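>>> generate coordinates for the sequence data below:
(2 chains)
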Amino acid sequence: MTSSTLIKSFERAKEDNRAALLTYTVGGDPDKKTSLNIFKSIADSGVDIIECGLGHGANIGDGGAIQDSTYRALSNGIKTNDIFEIIEEFKKEYETDVIIMTYQNKIMAYGEDDFLKRCISSKVSGIICVDWPWPLNLDFAKKCKENSIVFIQLLCPTTNEDRLKSILNDAHEVVYYISMLSTTGQKLKVSSDEIKKRFNLIKKISPDKKCIIGFGITADTINDFKDTDACVVGSALCREITRSIDEELNPATNVGNMVSDLKQKLSS
Amino acid sequence: MKLEKGIPLIDQHDENGYWGGKFGGNQIAESLNYPIEELTREFEKLRNDETFIAERDYYFKNFVGAPTPFIKLENLTKHLGGAQIYCKLVSKATGGAHKAYNAVVHSLICKRLGKTYIGGDTGAGYAGKMLSMAAAKFNLKCKIFMGAKDVERQSINVFSMRSYGAEVVPVNSGSQTLVDAVSECMRWWTSENEEAHMCVGSTVGPTIFVKICAWSTAQISREMKKQVMDEFGEVPKDMKLINCVGGGSSAAGFWNEWIDHDNIELIGVEAGGPEGSSKHAAPLTNDSPIGVLHGATQYVIQDDQGEIEETDSISAGLDYPGVSPLHCFLKETGRARYTSASDEEAIEAFQLVSKNEGFVSPSLEPSHAFAEAIKIAPKLSKDTIIVVDSCGDSAKDSKIIAERLGYKI
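Below you'll find the model as predicted:
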């Protein structure tokens, strides 16, 4: 079962006395081959779970760095099938779990059922859909569950307690806590302690669910989240890809180095 | 899918915000759920609050200049032969278009929410201009998101916005037009919603924004209903209401009071783009696929990957790949008919109307509606009444039209 491998990734990190490390990069940025190399390099650098963006031009949640990555991939002609092919290739060599983060129109255009079929054949473990909130996503989430794919519900600082409880009640094994009100990649505008307070509330309501913390986490703050379940770094990596391309350096090597550094900071 | 009688169009959605069970909704990031719930609660309260209604009416009358004229276009009628052509001259509203209604209402709501900062999107610049105008009046800090391409082609309105003290943010992503401006504005609100209010400039976006905008522009048909009764003594048996449709805010307002009158034909005219080009901004006319854009399900011009395709229209105000869920619903229920006019037809219509009527000089958006009136009027009898909503004034388009016609200004 694919979903149980995702849980194992969290458990392995817990055995190391640290949170699981997730990275977010846009699939196909800047092209298929480099993107695959970036995934391999990230995996070799010790990431626990890879979050792969299936970018959408008319997104409403991405900050500047991720938008740059998305536009680069799209303008290089990257299609949804290319993303699945990258993941499929990657999974031939690596056990590392891959989850897809995308927008509803990408799934609708591909066809919900076809999208899920392709997720299964390319061994995707989970799906995050930014603009498909609870409870509108419940039918699709159910289909995911039937196919052993974890549909990851989103929570945020202004999700009130009643809603939080209802979402957690319907959620699969993993949820994602958006740590602050912003698009991705903005400066952390709430303290790490405040974020952990919310995290603890989520865990109090649903001790068995794994909660990923995302938005605004960088090398400077990642160690603060060591004793949580998992945290994501995304924009900093996308920015590194942009810098590497601009300076004609190898993005895979540079992003890999960054991930090693993050992993080390999370483990220390 | 069925249209209900006696229930305002804006209220004919289900508990999830979908009209006809599938158009509209709130397909938003979780971070926007709270502010949208808050706004929904506040709006439902305010629309039943007599002091709020009185305040709205006061500003509509004294600042926006309601009612706008309802006039017969005698010369155009004579020139075309056939149906009698009337015009609701909404372009006489302060600022030169219908966008003032939505801007005033959102500014009043912003104040009621206790917020002092308002942001909005704009295409042709009208929505931005009116929002900055209202923000200045109500002492609100104002930020306007506008595609970089539109900043360039609608520089007259950009100048106005800056004069009213608004910060105009050119959006350089994607096609650099309205679609990108709306995306950027929604991203901004995601970060700033604790302190700031967002005004969506048309009947698009999450359900509550569709409702507030159409509720505001409904002023057009409310006042016109009286004017029609004054003119004809009864509702004419054969009347056609023609309006341009981009996002669809002016058409929604122009039609609102007439939807239950089955004998009145509602005709929406989308932007067909340049003649001979495959690009257009007419998702309803061209049966574009259903998709999710800016938080709502609608017909939207997109490729097989779900990527929003670039639109093309001489009219910046109609240059939008999606369309209001209200119009998707009206199309699907068969209540309204949608067609398109090309750039060339719009320019010709502008010339013909301006030359014949003088006092009426439609901007490029309503010139699309006039193009349809010009097309059908000669084939109809004089007992048919055609009313065109001239929802914008041509002043802002002078540069574009002059260039197209070979004048240097």
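>>> could you verify my assumption that B:Ala341 touches B:Ala371?
Yes: between B:Ala341 and B:Ala371 there is a contact at 3.7 Å, judged by C-beta atoms under 8 Å. Where C-beta positions appear, they are placed from N, C-alpha and C, glycine not excepted.
>>> now the helix or strand harbouring A:Lys8: average pLDDT?
Using DSSP states H and E, A:Lys8 sits within helix A:2-15. For helix A:2-15, the mean pLDDT works out to 87.
>>> quick one: list the elements packing against the next helix or strand after that helix.
Later in the chain than helix A:2-15, the nearest helix or strand by DSSP H and E is strand A:20-26. Applying 3 or more C-beta pairs under 8 Å, 6 or more residues apart in numbering or on different chains; DSSP states H and E, one finds that strand A:20-26 contacts helix A:2-15, helix A:32-44, strand A:49-53, helix A:64-75, strand A:210-214, strand A:230-233, helix A:235-246, helix A:251-267.
>>> which parts of the stretch 51-200 of chain A sit against chain B?
Within the stretch 51-200 of chain A, the residues that sit near chain B (C-beta under 8 Å from any C-beta of the partner chain) are A:56-63, A:67, A:71, A:74, A:79-80, A:103-110, A:130-136, A:154-156, A:158-160, A:163, A:178, A:181-183, A:186.
>>> from those residues, which ones fall inside strands?
Mapping these onto strands (DSSP state E) picks out A:Leu154, A:Leu155, A:Ile178.
>>> dump those to TSV, plus neighbour count and pLDDT.
Output for these, formatted as TSV (neighbours: other C-beta atoms under 10 Å in any protein chain shown; pLDDT from 0 to 100):
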residue	neighbour count	pLDDT
A:Leu154	26	98
A:Leu155	24	98
A:Ile178	25	95
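>>> okay but B:Ile71 is in contact with B:Cys87, surely?
Yes: using C-beta under 8 Å, B:Ile71 makes contact with B:Cys87 at a distance of 5.6 Å.
>>> more crowded one of these two?
Between B:Ile71 and B:Cys87, counted using other C-beta atoms under 10 Å in any protein chain shown, the more crowded position is B:Cys87 (28 against 18).
>>> just checking, that one is part of a helix?
No: B:Cys87 is assigned strand when assessed by DSSP: H, G, I helix; E, B strand; the rest coil, not a helix.
>>> still on that earlier bit, mutual contacts of B:Ile71 and B:Cys87, please.
Residues touching both B:Ile71 and B:Cys87 (C-beta atoms under 8 Å, 6 or more residues apart in numbering or on different chains) are B:Val360.
>>> residue nearest the centroid of the chain?
Looking at chain A here, since you left the chain open. Chain A has A:Glu51 as the residue nearest its centroid, 3.4 Å off, counting by C-alpha atoms, centre = their mean.
>>> nope, chain B please
Short answer for chain B (C-alpha atoms, centre = their mean): B:Ser249, at 2.9 Å.
>>> I'd guessed it sits against B:Ser202; true?
Yes: B:Ser249 lies in contact with B:Ser202 (C-beta under 8 Å); the separation is 4.3 Å.
>>> excluding its backbone neighbours, what's nearest the residue of the stretch 301-409 of chain B found nearest chain A?
Of all residues in the stretch 301-409 of chain B, the one sitting closest to chain A is B:Gly306 (2.9 Å; C-beta to the nearest C-beta). Closest residue to B:Gly306 apart from its sequence neighbours, by C-beta to C-beta, 6 or more residues apart in numbering or on different chains: A:Ala109 at 2.9 Å.
>>> go ahead and confirm the one you found touches B:Gln305.
Yes: counting by C-beta under 8 Å, A:Ala109 touches B:Gln305, with 5.9 Å between them.
>>> who's in contact with the residue in chain A that chain B sits nearest to?
Distances between chain A and chain B by C-beta to the nearest C-beta are smallest at A:Ala109, namely 2.9 Å. Contacts were defined as C-beta under 8 Å, 6+ apart; by that measure A:Ala109 touches A:Thr80, B:Pro289, B:Gly291, B:Gln302, B:Asp304, B:Gln305, B:Gly306.
>>> got TSV for these, with pLDDT, neighbour count and distance to B:Leu266 too?
Converted to TSV, the contacts of A:Ala109 look like this (pLDDT from 0 to 100; neighbours: other C-beta atoms under 10 Å in any protein chain shown; distance: C-beta to C-beta, whole Å):
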residue	pLDDT	neighbour count	distance to B:Leu266
A:Thr80	98	23	38
B:Pro289	97	15	24
B:Gly291	98	24	24
B:Gln302	97	24	26
B:Asp304	97	10	32
B:Gln305	97	19	34
B:Gly306	97	25	30
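>>> just flag the most distant two among those residues.
A:Thr80 and B:Pro289 (15.1 Å; C-beta to C-beta).
>>> before we move on, back to that, tell me if I'm right that the residue of the stretch 301-409 of chain B closest to chain A and A:Phe115 touch.
No: using C-beta under 8 Å, B:Gly306 is not in contact with A:Phe115; the gap is 10.4 Å.
>>> strands of the stretch 151-300 of chain B, start to end?
B:167-171, B:196-199, B:239-244, B:264-273, B:290-293, B:296-299 (DSSP state E, counting those that start in this stretch).
>>> of all those strands, which lies closest to B:Asp14?
strand B:296-299 (12.3 Å).
>>> not including adjacent chain positions, what is the nearest residue to A:Gln153?
A:Ala171 (4.4 Å).
>>> let me see the contact set for the one you found.
With C-beta under 8 Å, 6+ apart, A:Ala171 has these contacts: A:Ile152, A:Gln153, A:Ser206, A:Lys209.
>>> the lowest-mean-pLDDT helix or strand in chain A vs strand A:210-214, what angle?
Lowest mean confidence among the helices and strands of chain A (mean pLDDT, DSSP states H and E): helix A:2-15, at a mean of 87. Counting by axes from the mean of the first three to the mean of the last three C-alpha atoms, to 10 degrees, helix A:2-15 lies at 80 degrees to strand A:210-214.
>>> those residues of chain B touching chain A, which are they?
B:16, B:25-31, B:33-35, B:173-174, B:179-180, B:183, B:186-187, B:190-191, B:193-194, B:289-295, B:300, B:302, B:304-308.
>>> buried residues, stretch A:145-154. List them.
A:Ile149, A:Val150, A:Phe151, A:Ile152, A:Gln153, A:Leu154 (16 or more other C-beta atoms under 10 Å in any protein chain shown).
>>> and what of stretch B:64-72?
Buried residues in stretch B:64-72, counted by 16+ other C-beta under 10 Å: B:Val64, B:Ala66, B:Pro67, B:Thr68, B:Phe70, B:Ile71.
>>> and for stretch B:255-275?
B:255-259, B:264-273.
>>> what's the average pLDDT for stretch A:239-250?
Mean predicted confidence for stretch A:239-250 is 96.
>>> do any residues in that stretch lie close to chain B?
No: using C-beta under 8 Å from any C-beta, stretch A:239-250 stays clear of chain B, with a minimum separation of 14.4 Å.
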